[in-house]
Each structure stands twice: as structure tokens, then as C-alpha cells.
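Peer 1: Fold the following.
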Amino acid sequence: MNFIIAGVLAPLAYFLLRLFFKSLVMSFLNKAKAQSGVKEMVSCCSCGVFIDKNDAIKKSDQYYCEKKECLSNV
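Peer 2: Have a look, this model is predicted:
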């Protein structure tokens, strides 16, 4: 009987509790991220400066800022 409790039920309970708390924490983090107003930033492939993703120019899965030097590399 002790083997069933220690070998089967305890790991199962641990897994279920871990799954529950992980989903709870992930939902909290996703909700906080959605409400924070923080914009997604990307790095310019030419000069390395970080800019808002909406302001970046995307060419072949790479992002560039609006500087003349960077746009000439596109």
C-alpha cells in the first residue's frame, strides 16, 4: 500500500499541482503583459539600435531602422 501512495499517487499529485500552478502563473503573466502597454522592440540588423516593431522596416525576416545608412544596406 505504501508503494502505491509513494510510487504512484504522490508523483501524480505533484504533476497535477505543478500543471495547475504553471497555468495559473502563465495566465497571470499574459494578462499583465497585455495590460502593461509595453511595446515589442526589435534590433536593427545594420546598426543594432532597438526600435518599436511597428516603426521598423522589415526585409526578408530582418528589421531595419529609418536611418539613411541602414536603409542603404537594404
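Peer 1: What are the buried residues along the lowest-mean-pLDDT helix or strand in the chain?
Peer 2: When the helices and strands of the chain are compared on mean pLDDT, DSSP states H and E, helix 2-4 comes out lowest with a mean of 72. For helix 2-4, the neighbour count (16 or more other Cβ atoms under 10 Å) marks no residue as buried. Bear in mind the C-beta positions are built from the backbone N, C-alpha and C, glycine included.
Peer 1: what separates it from the chain centre, distance-wise?
Peer 2: How far helix 2-4 lies from its chain's middle: 41 Å, per Cα atoms, centre = their mean, to the nearest Å.
Peer 1: what's the answer for stretch 14-28, then?
Peer 2: 17 Å.
Peer 1: Buried residues, that stretch. List them.
Peer 2: Using 16+ other Cβ under 10 Å, none of the residues of stretch 14-28 count as buried.
Peer 1: Now for residue 44, how many residues are close by?
Peer 2: By the criterion of other Cβ atoms under 10 Å, residue 44 has 19 neighbours.
Peer 1: What backbone torsions are found at the nearest residue to it once chain neighbours are set aside?
Peer 2: Excluding the flanking residues, the one nearest residue 44 by Cβ to Cβ, 6 or more residues apart in numbering is residue 65, at 4.2 Å. Backbone torsions for residue 65, taken as degrees, to the nearest 10, come to phi -90, psi -180.
Peer 1: Check the gap between residue 65 and residue 34 for me.
Peer 2: For residue 65, the distance to residue 34 (Cβ to Cβ, to the nearest Å) stands at 26 Å.
Peer 1: The residue nearest to residue 44 against residue 51, yeah?
Peer 2: Yes - taking Cβ atoms under 8 Å as the definition, residue 65 is a contact partner of residue 51 at 5.1 Å.
Peer 1: Can you show me the helices along the protein?
Peer 2: For the chain, the helices defined by DSSP state H occupy 2-4, 10-36, 68-72.
Peer 1: closest to residue 47 out of those?
Peer 2: Minimum separation from residue 47 across the helices of the chain (Cβ to Cβ) falls at helix 68-72, 5.5 Å.
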